[in-house]
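J.: Compute the structure for the input listed below.
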Amino acid sequence: MPSYFPPKRDYPWWHNYVLAAASVFLCACATYVQLPGMNLMGVTPNWMLIWLVTWSRRYPVLVAVVTGVSLGLVQDALVGGDWVPTHALGLAIAGGVTAWSQRQNFMREDLISIALLVFVGAVGIETLLGIQFWVLGQDFGDLWPKQQRLALTSAVLSSLWMPLLYVPLNAWWRSPDCEPES
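T.: Below you'll find the model as predicted:
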């Protein structure tokens, strides 16, 4: 009689770490890829945010915040320049809110809920970057219209491209032997 349950995979303990590191590396590389439909008005999807939302749903809030800070610093290193303004603040908040909303059962595990988290996270990250630029002395009248366009474009693109990263990573991390340590 055939079994309807998939066989348990016996992967080494380090497989999840390698997958996480490789997927973060691919997200960092994807930031610079300019494929048709991936670039709208000079803005690309926020791949680090998509990875963070996918990953942080399964971990405690503090771990998600620290991971958000780490990914933000990686993203800052990729774009170059000074440490201020930083992506770390926005990604830390996005990771914390994602982990918290999952713990409180505010969001289900469907694509629409995850796309909504990515959309709100992208708008929040770009708004926090705009506030940091304003605090550093840029004129608010010049900054705000550009920041609105950037935030909405990034949010729409990130939400639309989210399934490309979310579906395979979520399928891997939902398997029984990939459960996080509690």
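J.: and the residue nearest the centre of the chain, what helix or strand is that in?
T.: A centroid search over the chain (Cα atoms, centre = their mean) returns Leu49, at 1.7 Å, as the residue closest to the centre. Here Leu49, judged by DSSP states H and E, is contained in helix 47-56.
J.: Give me the residues contacting the helix or strand immediately after that helix in the chain.
T.: As assigned by DSSP H and E, the chain's next helix or strand after helix 47-56 is helix 61-79. By Cβ atoms under 8 Å, 6 or more residues apart in numbering, the residues outside helix 61-79 that reach it are 24, 28, 31, 48, 51-52, 55-56, 59, 83, 86-96, 98-100, 103. (C-beta placed from N, C-alpha, C; glycine too.)
J.: so how far is the helix holding Leu49 from its chain's centroid?
T.: 3 Å (Cα atoms, centre = their mean, to the nearest Å).
J.: That helix to helix 61-79, inter-axis angle?
T.: Here the directions of helix 47-56 and helix 61-79 differ by 160 degrees (axes from the mean of the first three to the mean of the last three Cα atoms, to 10 degrees).
J.: what about dumping the CA coordinates of helix 47-56 to PDB?
T.: What follows is helix 47-56, C-alpha atoms only, in PDB (Å, rounded to 0.1, in the frame of the first residue of the first chain):
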ATOM      1  CA  TRP A  47      15.100  40.700  -2.200                       C
ATOM      2  CA  MET A  48      16.500  40.900   1.300                       C
ATOM      3  CA  LEU A  49      13.100  41.900   2.600                       C
ATOM      4  CA  ILE A  50      11.400  39.000   0.800                       C
ATOM      5  CA  TRP A  51      13.900  36.500   2.200                       C
ATOM      6  CA  LEU A  52      13.500  38.000   5.700                       C
ATOM      7  CA  VAL A  53       9.800  37.800   5.600                       C
ATOM      8  CA  THR A  54      10.000  34.200   4.400                       C
ATOM      9  CA  TRP A  55      12.500  33.200   7.100                       C
ATOM     10  CA  SER A  56      11.400  35.200  10.100                       C
END
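J.: for that helix, packing partners?
T.: helix 15-30, helix 61-79, helix 88-103, helix 111-135, helix 140-173 (3 or more Cβ pairs under 8 Å, 6 or more residues apart in numbering; DSSP states H and E).
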